[in-house]
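A.B. asks: sequence first, predicted coordinates after that:
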Amino acid sequence: MIIKWLPVVLSPLLLAQLYSTEGGVNLRVLFLFKRKKKPSDTERKLLVDLSYPFFAICLLAAGAANHRTLLFYIGICILFTWTLWVVRPKKRSLKKWAILLLITGGCGYGIQFGLASLQGVITEAGMNWFVNFLQKDRDPYRAYTHMGEIGEIKLSSRVVFRVKPGGWDPGSLLLREASYDKYLSGAANWAASNRNFSSIAPVTGGGYWKILPDSQPDKTCTVSMPLNNGKGLLKLPNGTTMIGSLEMDRMQRSPLGSVKVEGKGLVTYAAHYSSKLSTENPPSKEDLSIPNAEAATIQQIVSNLKLETLTSSEVLNAVSRFFKNNFSYSLEQKSLKGNGTVIENFLTKSRTGHCEFFASAAVLLLRGVGIPARYVTGYAVDTWDKMGEWILVRSQHAHSWAHAYVNGHWVDLDTTPGVWLEVERSRASPWRRIGDLWSWMTFGFSKWRWRQDASAGKTYLILVLLPLVVIMLVRILSKKRGRKRIPGTEKNEKDLKDIRSISEGFSLIEERLKEMGFYRQEWETVACWIDRLELSKSVMGNIETLRQIKDFHYRYRYYPQAFTVKDEEQMSSLVKKWLEPLKDPLHEISRTYLNNKIGVQGKARSGEKAEHTRSM
């Protein structure tokens with residue numbers, strides 16, 4: 001909205017320029033902090049033509065206010081071509097100018113799709129953060145839900161948990177989280193009338209929990225989900241009679257079929273179930289109640305569909321057809337005039353909505369015929385969304401449906417049009433898999449952390465060490481290439497063949513002096529050592545040459561980037577010059593004399609250093 005009005009807001013600046021004598025606007029008038037300072041001569045003359053920036057802002061505003069089709073982009077390119085034609089360099093080739101313009105237009109057309117995708121990624125990341133923020137401190141055991149909540153969650157594609165197939169019909173699995181039996185019309189909320197949870201005792205041996213004793217489940221699915229602050233409601237299919245492979249501190253079940261657990265971190269469990277069994281309590285009077293505000297509308301539709309004349313199974317089919325043939329799925333709700341309730345408007349006016357509307361209306365219609373029904377929230381498993389052996393269940397797969405009590409047990413009735421999963425898939429960002437990769441890494445780390453997969457520790461150790469190894473190799477290679485070379489100089493291999501490296505040149509001199517008996521003390525620097533050698537007057541080599549070699553050695557050691565090939569050649573020459581006289585046996589000095597002389601001086605220096613240390 002702000003972008004659309006920018007041309008109107010900034011138009012006074014353009015009008016001021018058009019009616020000025022200068023033909024431009026001084027930048028000082030646009031910035032308050034510049035007005036307070038005394039302008040220089042250059043600033044007084046600095047004028048800016050606002051025509052072109054204003055033209056670009058108008059195009060931006062037009063893009064924000066119109067549907068951006070290919071024709072719109074072509075129109076923008078034509079306007080830019082006309083603008084650039086006026087300022088085109090006359091001496092340049094017209095052909096090259098046109099080619100560059102076409103390349104720029106093509107690149108711009110591709111970039112706009114990239115920016116649109118980037119905007120989708122940022123929007124989705126923001127929505128994921130918002131959903132995480134809302135659910136961070138939310139009570140997982142609350143006894144109510146409000147209309148529109150699932151619609152908000154569906155805006156996020158965050159991976160909530162994972163499911164592994166195991167003998168069930170893909171495409172029809174609904175995992176329940178909570179059930180509600182009381183509809184509050186004024187607030188458009190569903191509530192649970194009975195909030196009392198009873199404890200479930202684990203089977204001897206650990207890891208197994210029987211919800212319905214003496215039952216024979218025929219299907220299994222495996223679920224892996226994180227707990228919120230150590231608590232959570234298990235995602236279970238209808239008719240779950242036993243839960244296996246689950247080490248928990250505590251497990252409880254509500255009369256409406258919700259199962260809550262308390263433990264740590266990530267939980268992975270196997271749900272054993274049968275569609276012919278029920279674990280919920282039998283229906284109560286709340287499962288047949290209809291609010292007065294919706295009673296007339298519900299009875300009118302029941303009468304129109306002649307549901308009273310049908311059997312319970314036929315009623316379920318008739319209600320499903322009613323919603324399938326007359327309603328559409330949408331996450332966007334239009335505001336309707338009138339005083340009708342949410343369900344009234346959905347059934348009689350808008351006839352469009354998401355799963356919460358379909359489930360709520362279906363529950364009330366079933367109750368209108370005398371069939372006990374409940375409102376259920378949970379997730380629908382989309383088998384198209386897989387990563388490895390696991391099916392990913394996202395926030396956008398949050399779903400609600402009806403539970404109907406037919407022939408002595410509770411059955412699922414999902415009246416939401418089947419296209420809703422396709423709608424959710426079409427809204428997926430092309431960059432979503434990047435977030436899935438991070439989720440997969442977090443999932444693997446959680447399995448290792450909570451001791452569910454010991455082998456995952458090795459994988460993650462490799463993932464941690466691999467970047468460190470790469471960084472170390474890069475640093476080693478960069479050090480080898482770190483020395484700068486002066487253009488035009490080449491390394492003289494012949495002159496350097498006796499010295500394998502710069503550091504080795506000084507090491508050769510030090511080793512030679514050691515052989516002669518001139519040892520460097522542990523506390524001595526190279527400079528102090530050379531001063532002592534000069535005082536001894538026993539070294540036949542040139543001391544000044546040795547000092548120059550020392551300077552080269554220090555420079556190479558502490559600032560190798562500035563060490564050039566010419567410096568290498570100079571140091572090589574000096575090392576050879578200094579070592580050459582010491583190869584003559586006539587220049588050898590009595591080792592005994594040197595050891596005595598240098599040893600006495602070394603002990604004296606050591607004593608002075610020790611005395612200085614004690615005084616400190």
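C.D. replies: Okay, I see it. Numbers count the residues shown, from 1 in each chain.

A.B. asks: in contact with the residue nearest to residue 262 when sequence neighbours are not counted: list those residues for me.
C.D. replies: By the measure of C-beta to C-beta, 6 or more residues apart in numbering, the closest residue to residue 262 outside its immediate chain neighbours is residue 250, 4.4 Å from it. Heads up, the C-betas are built off the backbone N, CA and C, glycines and all. Contacts for residue 250 (C-beta atoms under 8 Å, 6 or more residues apart in numbering) come out as 199, 261, 262, 263.

A.B. asks: quick one: average pLDDT of stretch 236-251?
C.D. replies: Stretch 236-251 shows a mean pLDDT of 86.

A.B. asks: same question for stretch 293-301.
C.D. replies: 92.

A.B. asks: hmm, back to that, neighbour count and secondary structure added to the contacts of residue 250, as TSV?
C.D. replies: Output for the contacts of residue 250, formatted as TSV (neighbours: other C-beta atoms under 10 Å; DSSP: H, G, I helix; E, B strand; the rest coil):
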residue	neighbour count	secondary structure
199	8	strand
261	22	strand
262	14	strand
263	17	coil
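
A.B. asks: where is pLDDT lowest across the residues you listed?
C.D. replies: For these, the least confident entry is residue 263, with 79.

A.B. asks: measure it to residue 269 for me?
C.D. replies: With distances taken as C-beta to C-beta, to the nearest Å, residue 263 is found 11 Å from residue 269.

A.B. asks: ok, now residue 182?
C.D. replies: Here residue 182 is placed at a distance of 30 Å from residue 269 (C-beta to C-beta).

A.B. asks: ditto for residue 330
C.D. replies: Applying C-beta to C-beta, the value for residue 330 to residue 269 is 35 Å.

A.B. asks: quick one, which of these two is more surrounded?
C.D. replies: Neighbours were counted for residue 330 and for residue 269 using other C-beta atoms under 10 Å; residue 269 has more, 23 against 16.

A.B. asks: just checking, what packs against the helix or strand where the more buried one lies?
C.D. replies: Counting by DSSP states H and E, the element that carries residue 269 is strand 266-273. Judged by 3 or more C-beta pairs under 8 Å, 6 or more residues apart in numbering; DSSP states H and E, the packing partners of strand 266-273 are strand 219-226, strand 236-237, strand 240-244, helix 432-449.

A.B. asks: out of those, which comes closest to residue 474?
C.D. replies: For residue 474, the closest of those is helix 432-449, at 23.1 Å, according to C-beta to C-beta.

A.B. asks: got the contact list for the spatially closest residue to residue 327 that is not a sequence neighbour?
C.D. replies: Excluding its sequence neighbours, the residue lying closest to residue 327 (C-beta to C-beta, 6+ apart) is residue 351, at 4.9 Å. By C-beta under 8 Å, 6+ apart, the contact list for residue 351 reads 326, 327, 328.

A.B. asks: just the buried ones from those residues?
C.D. replies: Neighbour counting with 16 or more other C-beta atoms under 10 Å marks residue 327 as buried within these.

A.B. asks: just the closest of the contacts of residue 351 to residue 4, please.
C.D. replies: Checking the contacts of residue 351 against residue 4 with C-beta to C-beta, the nearest one is residue 328 at 30.3 Å.
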